[in-house]
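Undergrad: Just a sequence and a predicted model for now, questions to come.
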Amino acid sequence: MIRINLLPHREEKRRIKQVQFITLGVLSFVLGLVVWGVVHAVISAQIGYQERRNDYLKQETLILDKQIAEIRKLREQTRSLLERKDAVEKLQSDRSNVVHLLDQMLRILPDGVYIKSIKQTGDVINLVGFAQSNARVSTLMRAIEDSPWLESPALVEIHASSANGARVSEFTLTFRLTKLPGADAAKSAEGRNQVQ
């Protein structure tokens, strides 16, 4: 026996395919929304995490900047204190120079030579004075060369002048004040030995 289907089967297949298409479209749309939501949530979480890390780094940077400023201030204070210490040490080491200078001037100053002024700039001494003759100035210069504390005498100028009605030579002389190596150390050792 032959069966013949007189129902509109093509329309039924078409309707089933349309329902499947709409169902797949809705499922694809929902799946796309879910994927988009998950991706959006993951990216938002990463952005939030990165922003928290950035905030933490900014806070730590501010703390480090304060510490760096404190370190700079301490370095400046240290440098200032070291400069002061060096200045005090230099003053301590140079305070005996004036004594040596005056002592040497008393020892080497020949008769007939009178000092008008002495000016010290660093280790350079500028001496202005009167002498009864040019030979006495030469004697003074030789004595400066022979002195252990003085060196490099140089005559700047000499000219005839009168002082108290007498004819004298007014001169300007420069020389250097030097330290003997170990002289201060020996004197400080002597001072320590005397104290003991």
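TA: Looks like it arrived, so ask away.
Undergrad: Pull the contacting residues for the nearest residue to residue 163 once chain neighbours are set aside.
TA: Of all residues not flanking residue 163 in the chain, residue 130 sits nearest, at 5.5 Å (CB to CB, 6 or more residues apart in numbering). (Each C-beta comes from the backbone N, C-alpha and C, glycine too.) Contacts for residue 130 (CB atoms under 8 Å, 6 or more residues apart in numbering) come out as 113-114, 116, 161, 163, 168-171.
Undergrad: And what about residue 130, helix, strand or coil?
TA: strand (DSSP: H, G, I helix; E, B strand; the rest coil).
Undergrad: Look up which residues are beta-bridged to it.
TA: residue 114, residue 170 (DSSP bridges).
Undergrad: Where do the strands of this protein begin and end?
TA: Taking DSSP state E to define them, one finds strands in the chain at 113-121, 124-131, 150-163, 166-177.
Undergrad: With residue 141 as the reference, name the closest of the ones you listed.
TA: Proximity to residue 141 (CB to CB) singles out strand 150-163 among the strands of the chain, at 4.3 Å.
Undergrad: how does the protein divide into domains?
TA: Domains of the chain are assigned by automatic domain parsing as 11-95, 109-181.
Undergrad: Show the average pLDDT along the first one.
TA: Here domain 11-95 scores 93 as its mean pLDDT.
Undergrad: With the last one instead?
TA: In this model, domain 109-181 has a mean pLDDT of 84.
Undergrad: Which elements pack onto the helix ranked longest in the chain?
TA: Counting by DSSP state H, the longest helix found in the chain is helix 9-108. With contacts taken as 3 or more CB pairs under 8 Å, 6 or more residues apart in numbering; DSSP states H and E, helix 9-108 sits against strand 113-121, helix 134-146, strand 150-163, strand 166-177, helix 183-195.
Undergrad: May I see these organised as CSV, with mean neighbour count and distance to residue 42 added?
TA: Formatted as CSV, the helices and strands packed on helix 9-108 follow (neighbours: other CB atoms under 10 Å; distance: least, CB to CB, whole Å):
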stretch, mean neighbour count, distance to residue 42
strand 113-121, 13, 78
helix 134-146, 17, 91
strand 150-163, 13, 85
strand 166-177, 17, 82
helix 183-195, 10, 77
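Undergrad: As CSV, those with distance to residue 21 would be great.
TA: Shown next, in CSV, are the helices and strands packed on helix 9-108 (distance: least, CB to CB, whole Å):
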stretch, distance to residue 21
strand 113-121, 106
helix 134-146, 119
strand 150-163, 112
strand 166-177, 110
helix 183-195, 107
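Undergrad: Of all those, which one is nearest residue 86?
TA: Checking these against residue 86 by CB to CB gives helix 183-195 as the closest, at 16.6 Å.
Undergrad: Using PDB, list the CA coordinates for stretch 22-39.
TA: Provided in PDB are the C-alpha atoms of stretch 22-39 (Å, rounded to 0.1, in the frame of the first residue of the first chain):
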ATOM      1  CA  ILE A  22      15.600  32.400  15.700                       C
ATOM      2  CA  THR A  23      16.600  30.100  18.600                       C
ATOM      3  CA  LEU A  24      20.200  30.000  17.400                       C
ATOM      4  CA  GLY A  25      20.200  33.800  16.800                       C
ATOM      5  CA  VAL A  26      18.900  34.400  20.400                       C
ATOM      6  CA  LEU A  27      21.400  31.900  21.800                       C
ATOM      7  CA  SER A  28      24.200  33.500  19.900                       C
ATOM      8  CA  PHE A  29      23.100  36.900  21.100                       C
ATOM      9  CA  VAL A  30      22.900  35.700  24.700                       C
ATOM     10  CA  LEU A  31      26.200  33.900  24.400                       C
ATOM     11  CA  GLY A  32      27.800  37.100  22.900                       C
ATOM     12  CA  LEU A  33      26.400  39.100  25.800                       C
ATOM     13  CA  VAL A  34      27.800  36.600  28.300                       C
ATOM     14  CA  VAL A  35      31.200  36.600  26.600                       C
ATOM     15  CA  TRP A  36      31.100  40.400  26.400                       C
ATOM     16  CA  GLY A  37      30.100  40.600  30.100                       C
ATOM     17  CA  VAL A  38      32.900  38.200  31.100                       C
ATOM     18  CA  VAL A  39      35.500  40.100  29.000                       C
END
